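Peer 1: Okay, predicted coordinates and the sequence, questions at the end:
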Amino acid sequence: MRSNAATAEIAQPYAQALLSLAQSKNLTEDFGTDARTFLGLLAGSKELESYLSNPFTQAENKKNLLKQVLGEGVSPYLRNFLLLLVDRRRISCLEAILQQYLVLLRQLNQTVLAEVTSAVALTEAQQQAITEKVIAITNARQVELETKIDNELIGGVIIKVGSQVIDASLRGQLRRLSLSLNSN
């Protein structure tokens, strides 16, 4: 099992190469969409991830599986890139490479990722309000929201942008109230 630092070190140049390829073909957003879709697929299927990462599975079998999973909907350039990862024995770093590609794409587009955790699903209006708030705080051009639901929050939201955390949840307010009462 590789360490996160080693995986990140491997992922960076491959993600950079993928971004260069995407830019040369004017497909940066298409690759981004495909990367998000494939990451969702990997997150939803641990079997797929373990099959691709298994060093004892033959490369040709991995390639055939990737071709079946990707189908004709994905760019041939991206498909060839993934097949190259199999040849180079770097397919086990696929998730890290795609995540790093999305980070580079956000930097290119001056987009920030806001991880929003709420007690219930957010409406479009609430998502728009959060987007506007994050733009005001970060001066970014765009905001990409990643939403999660946590029933333990009781109400409100927690917004994480980079290392900055805005805790507007009832649980957070109760915790702050408890700390202030205990400090007196």
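Peer 2: Great, that's in hand.

Peer 1: How is this protein partitioned into domains?
Peer 2: When the chain is parsed with the TED database, its domains come out as 1-107, 111-182.

Peer 1: Dump those domains to a markdown table, plus mean neighbour count and mean pLDDT.
Peer 2: (Each C-beta comes from the backbone N, C-alpha and C, glycine too.) Listed next are these as a markdown table, based on neighbours: other CB atoms under 10 Å; pLDDT from 0 to 100:
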| stretch | mean neighbour count | mean pLDDT |
| --- | --- | --- |
| domain 1-107 | 16 | 86 |
| domain 111-182 | 14 | 85 |
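
Peer 1: The residue most central in space within the chain is in what secondary structure piece?
Peer 2: Centroid-nearest residue in the chain: Gln99, 5.0 Å away (criterion: CA atoms, centre = their mean). Per DSSP states H and E, Gln99 falls inside helix 94-109.

Peer 1: what packs against that helix?
Peer 2: In terms of contacts (3 or more CB pairs under 8 Å, 6 or more residues apart in numbering; DSSP states H and E), helix 94-109 is packed against helix 4-24, helix 28-44, helix 76-87, strand 111-118.

Peer 1: mind redoing it with 10 Å?
Peer 2: Applying 3 or more CB pairs under 10 Å, 6 or more residues apart in numbering; DSSP states H and E, we find helix 94-109 packed against helix 4-24, helix 28-44, helix 46-53, helix 76-87, strand 111-118, strand 142-149.

Peer 1: Among those, which comes closest to Ser163?
Peer 2: strand 111-118 (11.6 Å; CB to CB).

Peer 1: ok and the closest one relative to helix 28-44, angle-wise?
Peer 2: 30 degrees (axes from the mean of the first three to the mean of the last three CA atoms, to 10 degrees).

Peer 1: Give the next helix or strand downstream of strand 111-118.
Peer 2: helix 124-138.

Peer 1: Just checking the distance from that next one to the centre of its chain.
Peer 2: 19 Å (CA atoms, centre = their mean, to the nearest Å).

Peer 1: Give me the contact list for that helix.
Peer 2: If you take CB atoms under 10 Å, 6 or more residues apart in numbering as the criterion, helix 124-138 is touched by 110-114, 116, 118, 120-123, 140-145, 147, 157, 159, 161-162, 164, 166, 168.

Peer 1: Can I get that helix as PDB, trimmed to CA atoms?
Peer 2: C-alpha atoms of helix 124-138 as PDB (Å, rounded to 0.1, in the frame of the first residue of the first chain):
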ATOM      1  CA  GLU A 124     -31.600  25.700  -5.100                       C
ATOM      2  CA  ALA A 125     -32.100  29.000  -3.400                       C
ATOM      3  CA  GLN A 126     -30.000  28.000  -0.400                       C
ATOM      4  CA  GLN A 127     -27.200  26.600  -2.700                       C
ATOM      5  CA  GLN A 128     -27.300  29.900  -4.600                       C
ATOM      6  CA  ALA A 129     -27.000  31.900  -1.400                       C
ATOM      7  CA  ILE A 130     -24.100  29.800  -0.200                       C
ATOM      8  CA  THR A 131     -22.400  30.200  -3.600                       C
ATOM      9  CA  GLU A 132     -22.700  34.000  -3.500                       C
ATOM     10  CA  LYS A 133     -21.400  34.100   0.100                       C
ATOM     11  CA  VAL A 134     -18.400  32.000  -0.900                       C
ATOM     12  CA  ILE A 135     -17.700  34.200  -3.900                       C
ATOM     13  CA  ALA A 136     -17.800  37.200  -1.600                       C
ATOM     14  CA  ILE A 137     -15.400  35.700   0.900                       C
ATOM     15  CA  THR A 138     -12.900  34.200  -1.600                       C
END
